[in-house]
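Participant: predicted model, plus sequence, below.
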Amino acid sequence: MTVKPVVIGAVLVMLATSARAEIITRCGASTGYGYYFTGTVVPQSKAGWSKAEISKGEILLILAGDQPDIVFTDATGGTQSARSAGAEVMFLPAATGFKLVLLVYPKGAVDHYLFQLDHAGNGTVAWGNVKAGGLLQTSSLYVAKCLAP
């Protein structure tokens, strides 16, 4: 798995704002399924389950002090920090060996990331999102392998 220059740039900007920031893990391509509800942009004939893959996507779990952030590269190659996109980002209680991160966006979207990582940052993330605002209503779940930074 390679880190794109755009991702490195986004991380460097974030690290510059907090001397204590660190990358906990870096995850690669994601595969999963999404459910698309009938609506403005989804006709009845296209509603339902759809297999999804973000083959060039990357997810970075970053910790600045005790505050988490997710830096995500999506299927279009766009990279952004969840915090810089306006999300409230928080850890939720999780079992030992797991990290559960919740992102709540102001316009009707919620993302969740459940990381199972070893002490070095290797493991798996199961993540998903729910989009209830805007033109598209979906609920998705993906999985990706993670490597130590």
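Facilitator: All right, it came through fine.

Participant: the longest strand belonging to the chain: how far from the chain's middle?
Facilitator: Across the chain, the longest stretch assigned as strand under DSSP state E is strand 21-36. Offset of strand 21-36 from its chain centre (C-alpha atoms, centre = their mean, to the nearest Å): 5 Å.

Participant: so which bits of that strand are buried?
Facilitator: Residues of strand 21-36 classed as buried by neighbour count (16 or more other C-beta atoms under 10 Å): A21, I23, I24, T25, R26, C27, G28, A29, S30, G32, G34, Y36. Yep, even glycine has a C-beta here, placed from its N, CA and C like the rest.

Participant: wait, the first one sits on D66?
Facilitator: Right, A21. No - judged on C-beta atoms under 8 Å, A21 makes no contact with D66 at a distance of 11.2 Å.

Participant: residues in contact with whichever strand or helix holds L114: which ones?
Facilitator: Assigned by DSSP states H and E, L114 belongs to strand 109-117. Here strand 109-117 makes contact (C-beta atoms under 8 Å, 6 or more residues apart in numbering) with 24-25, 59, 61, 70, 82, 87, 94, 97-105, 123-133, 146.

Participant: please narrow the residues you listed to those residing in strands.
Facilitator: If you go by DSSP E, those have 24-25, 59, 61, 70, 98-105, 123-131, 146 in strands.

Participant: pLDDT value on D74, please?
Facilitator: On the pLDDT scale, D74 is placed at 85.

Participant: mind starting the numbering at 34 from now?
Facilitator: Sure, I'll start counting at 34 from here, so that last one is D107.

Participant: how many other residues sit next to the closest residue to it other than its chain neighbours?
Facilitator: Distances taken as C-beta to C-beta, 6 or more residues apart in numbering place G90 nearest to D107, at 5.9 Å, with adjacent residues excluded. The number of residues packed near G90 is 20, by other C-beta atoms under 10 Å.

Participant: surely G90 and G111 touch.
Facilitator: No - the pair G90 / G111 is not scored as a contact, 10.0 Å apart, by C-beta under 8 Å.

Participant: joint contacts of A54 and D99?
Facilitator: Counting by C-beta under 8 Å, 6+ apart, no residue touches both A54 and D99.
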